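**Student:** predicted model and sequence below, questions to follow.
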Amino acid sequence: TGQVFAEVSDFRFMKASKKTLLISSAKEVDGWMYEIAWTKSKSVPRQSPMGSFRWLIFRGKDEIGIKITDVLKKRGDQCITVLPGTKYETTKADSFSINPFQPEDFHRLLRETGTVHGIVHLWSMDITEQADTLLGCGSTLLLVQALAKSGWTAFPGVWLATRGVKRVDAVPTIPEIAQSPVWGLAGVIRLEHPEIRCVCIDLDPSISPSHPLQGADEAQALSELILSDTKEEQMAFRQHETYVPRLKRYHPQPLSERLLVHEKASYLITGGLGALGLQTALRLADRGARHLILIGRNNASESAQKTIYQLEQKGVSVHLVKADVSSEDEMSGVLKRIASEMPPLRGIIHAAGIIDDAVIIRQDLDKFTKVMA
């Protein structure tokens, strides 16, 4: 808009010495670092006036979708339900079934429904296993691609719901890992497509959506939130309260005793022949490790062989294992072999990974599938 947000009047670069950068105690780092803390929201957002908004509800198995639809319809809004299926079908005048992994289904859906005020995406909450992660990320990716190519002049807000992904101090829980990648994708959507307002909401894992009172209260709260003028892009519901992420100063606890590395134990590094894995191997060797298992899908490159030679010169026994870490059968075989042939396994460093990046508009599900594995 041309409004000045900040001005930098004086900025200088200086080369810092290693002594300057070295953090030798917890006291020195105090005040330098920040962490994200979930805090109770103090603002009371203003509600949209009663009207006739049109909503696209990507409803899953969780009953929260049915209850949200009921709340919105009672205020006079129109709700179009979208269910995951095997093919594109119009089940009712205001209900569709689409294939979550078929790009054309999303384009067709937007053509046939026309512009809407907002989109509520609840499919991620159906994910309970890592193998199903693509249902959340994949359908969100295809939805945003379809929106970007829709030709609409005004874009709806997109609300992505998960359940139990974030650890909020008030109710500490084990995070629902398989649903969490959609939060990362949402961050990319905000950067690459600021015209599409993308909001993540994490619902309370201790609430049963099928419970008459709990489910109704949760649906009411979520509906009020998507109808409000809130500027928050990340929120979590816990115990009937709304939490938002805020930066706070990080005050570390006194440094504990350094992690001991045992020379009579084995240490396994996945992605062990990559740059990160090999640097980790050298560090472990310097700390006293003498039995390392390096796992990779390919043979060692010339540079990797040089590092392995360095390790062996330090007295380290290096075992190279060719295996795909995304294969449970192959990894089970590796662990059985270690148990029968090597000193006890006392540490695993997971450094395996691949990059197959592209901007959202050029991404596809094959790239996602490979990287997610």
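**Tutor:** Cool, got the structure. Residues are numbered from 1 along each chain as shown.

**Student:** count of neighbours near residue 186?
**Tutor:** Here the number of neighbours of residue 186 (other CB atoms under 10 Å) works out to 21. Using the backbone N, CA and C atoms, a C-beta is placed for each residue, glycine as well.

**Student:** again with residue 73
**Tutor:** When neighbours are counted by other CB under 10 Å, residue 73 registers 13.

**Student:** with just CA atoms, put the longest strand seen in the chain into PDB.
**Tutor:** Ranked by residue count and defined by DSSP state E, the top strand of the chain is strand 241-249. Taking Å, rounded to 0.1, in the frame of the first residue of the first chain, the C-alpha atoms of strand 241-249 are listed here in PDB:
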ATOM      1  CA  GLU A 241      -9.800 -21.500  25.300                       C
ATOM      2  CA  THR A 242      -8.100 -20.100  22.200                       C
ATOM      3  CA  TYR A 243      -4.300 -20.100  22.200                       C
ATOM      4  CA  VAL A 244      -2.000 -18.300  19.800                       C
ATOM      5  CA  PRO A 245       1.800 -18.600  19.200                       C
ATOM      6  CA  ARG A 246       3.900 -15.800  20.500                       C
ATOM      7  CA  LEU A 247       7.700 -15.300  20.700                       C
ATOM      8  CA  LYS A 248       9.100 -15.200  24.200                       C
ATOM      9  CA  ARG A 249      12.700 -15.000  25.500                       C
END
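
**Student:** CA atoms of stretch 65-76 as CSV?
**Tutor:** Output of stretch 65-76 as CSV, limited to C-alpha atoms (Å, rounded to 0.1, in the frame of the first residue of the first chain):
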residue,chain,number,x,y,z
GLY,A,65,-17.9,-31.1,9.9
ILE,A,66,-21.6,-31.9,10.3
LYS,A,67,-21.9,-29.7,13.4
ILE,A,68,-20.2,-26.7,11.8
THR,A,69,-22.5,-27.0,8.8
ASP,A,70,-25.5,-26.9,11.1
VAL,A,71,-24.2,-23.8,12.9
LEU,A,72,-23.6,-21.9,9.7
LYS,A,73,-26.9,-22.9,8.1
LYS,A,74,-28.8,-21.7,11.2
ARG,A,75,-27.4,-18.2,10.7
GLY,A,76,-28.6,-18.2,7.1
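
**Student:** pull the distance from that stretch to the chain's centre.
**Tutor:** Put simply, stretch 65-76 sits 28 Å off its chain's centre (CA atoms, centre = their mean, to the nearest Å).

**Student:** show me what contacts residue 290?
**Tutor:** Shown in contact with residue 290 (CB atoms under 8 Å, 6 or more residues apart in numbering): 263, 264, 315, 316, 317.

**Student:** list only buried entries from the residues you listed.
**Tutor:** residue 316 (16 or more other CB atoms under 10 Å).

**Student:** list the contacts for the spatially closest residue to residue 351 that is not a sequence neighbour?
**Tutor:** Of all residues not flanking residue 351 in the chain, residue 271 sits nearest, at 3.9 Å (CB to CB, 6 or more residues apart in numbering). Residues in contact with residue 271 (CB under 8 Å, 6+ apart) are 277, 295, 296, 325, 350, 351, 352, 353.
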